[in-house]
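Asker: Sequence plus the predicted model coming up.
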Amino acid sequence: MSNAYLIKSAKPVLIDAGSPKDGPAILAALKAENVDLKDGLILLTHAHGDHGGAAAELRRITGARIALGAGDAPIAAAGKNDELRPTSFEAEVLKRVVDFKFEPFSPDIPITNSLDLSPWGVAGKAVVMPGHTPGSLVIKLNDREVFVGDMMRGGSMGGAVNPTQPHEHYFQADLERNRANIRSLIEGGAEVFYLGHGGPVDRAAVIKEFKIR
């Protein structure tokens with residue numbers, strides 16, 4: 001249902017952990033890449049069930065630690081999404097499909113501001129940027145490549161159609177703050193946006209879609 005990304009570094013970093021039943025597929029993908037996540041990090045862009053749904057299982061099996069924006073810790077502890085606030089009629093309908101429960105967990109590393117990823121061999125950082133959820137994170141690699149979770153979506157039908165065309169995501173806890181975050185990343189020089197659904201999308205497409213000048 002959503003994207004998960006692997007950064008192959010000295011201590012690998014898995015960005016997002018899929019839905020509750022995605023654990024075996026993610027573990028198989030890690031094995032195919034000859035990656036042992038034992039000393040690595042499960043870094044969640046946010047705690048919604050389609051991004052952190054298999055996090056507890058993956059931690060239990062691999063021994064990796066989980067990092068999450070502190071503002072999303074209550075969502076993770078409850079094992080259910082916060083109130084999803086639709087941004088369109090389509091989202092109202094979709095809400096019934098995506099609002100499912102998952103195994104609760106607590107982050108090993110609750111991030112209140114930012115997390116330097118150099119201890120895992122990654123030249124980048126995870127920065128708290130609330131908007132989609134209270135504790136949403138953006139992972140920045142040299143400010144040019146950014147992993148933004150559900151700050152926006154790519155295409156439609158989960159990214160199956162026109163995945164490189166950015167759109168407003170179906171749900172936003174704080175729509176205006178989320179828009180401000182997008183503008184901030186553009187102003188900071190972001191070139192490529194890796195999304196939770198669809199993508200990646202480029203700078204020019206984001207500027208056009210969100211009317212950034």
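Answerer: It's in.

Asker: any residues touching the longest helix belonging to the chain, and which ones?
Answerer: Of all segments of type helix in the chain, defined using DSSP state H, the longest is helix 175-187. Residues outside helix 175-187 that contact it (Cβ atoms under 8 Å, 6 or more residues apart in numbering) are 85, 87, 129-132, 138, 146, 148, 151-152, 168-169, 172, 193, 203, 206-207, 210, 212. In short, each C-beta sits where N, CA and C put it, glycine included.

Asker: Could you rerun that using 10 Å?
Answerer: If you take Cβ atoms under 10 Å, 6 or more residues apart in numbering as the criterion, helix 175-187 is touched by 85, 87, 127, 129-133, 136, 138, 140, 143, 146, 148, 150-152, 166, 168-169, 172, 174, 190-191, 193, 203, 206-207, 209-213.

Asker: Now, these that are in strands?
Answerer: If you go by DSSP state E, these have 127, 138, 140, 146, 148, 166, 193 in strands.

Asker: And the furthest pair within those residues?
Answerer: Farthest pair in those (Cβ to Cβ) is Val127 and Pro166. Separation: 19.6 Å.

Asker: Counting neighbours, go ahead and name the busier of these two.
Answerer: Neighbour totals were compared for Val127 and Pro166, and Pro166 leads with 27 against 19 (other Cβ atoms under 10 Å).

Asker: Return the set of residues that bridge with that one.
Answerer: Beta bridges link Pro166 to Gly154 when assigned by DSSP bridges.

Asker: CA-only coordinates of the worst-scoring helix or strand of the chain on mean pLDDT in PDB, if you can.
Answerer: Within the chain, no helix or strand scores below helix 89-98, which has a mean of 86 by mean pLDDT, DSSP states H and E. Listed next in PDB are the C-alpha coordinates belonging to helix 89-98 (Å, rounded to 0.1, in the frame of the first residue of the first chain):
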ATOM      1  CA  PHE A  89     -14.500  13.800  -1.400                       C
ATOM      2  CA  GLU A  90     -12.400  11.000  -2.800                       C
ATOM      3  CA  ALA A  91     -10.500  10.900   0.500                       C
ATOM      4  CA  GLU A  92     -13.800  10.700   2.400                       C
ATOM      5  CA  VAL A  93     -14.500   7.400   0.600                       C
ATOM      6  CA  LEU A  94     -10.900   6.100   0.900                       C
ATOM      7  CA  LYS A  95     -10.900   6.700   4.600                       C
ATOM      8  CA  ARG A  96     -12.900   3.600   5.300                       C
ATOM      9  CA  VAL A  97     -10.200   1.500   3.500                       C
ATOM     10  CA  VAL A  98      -7.000   2.800   5.100                       C
END
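
Asker: My guess is Val127 contacts Leu115. True?
Answerer: Yes. At 8.1 Å, Val127 and Leu115 qualify as touching, with contact defined as Cβ atoms under 10 Å.
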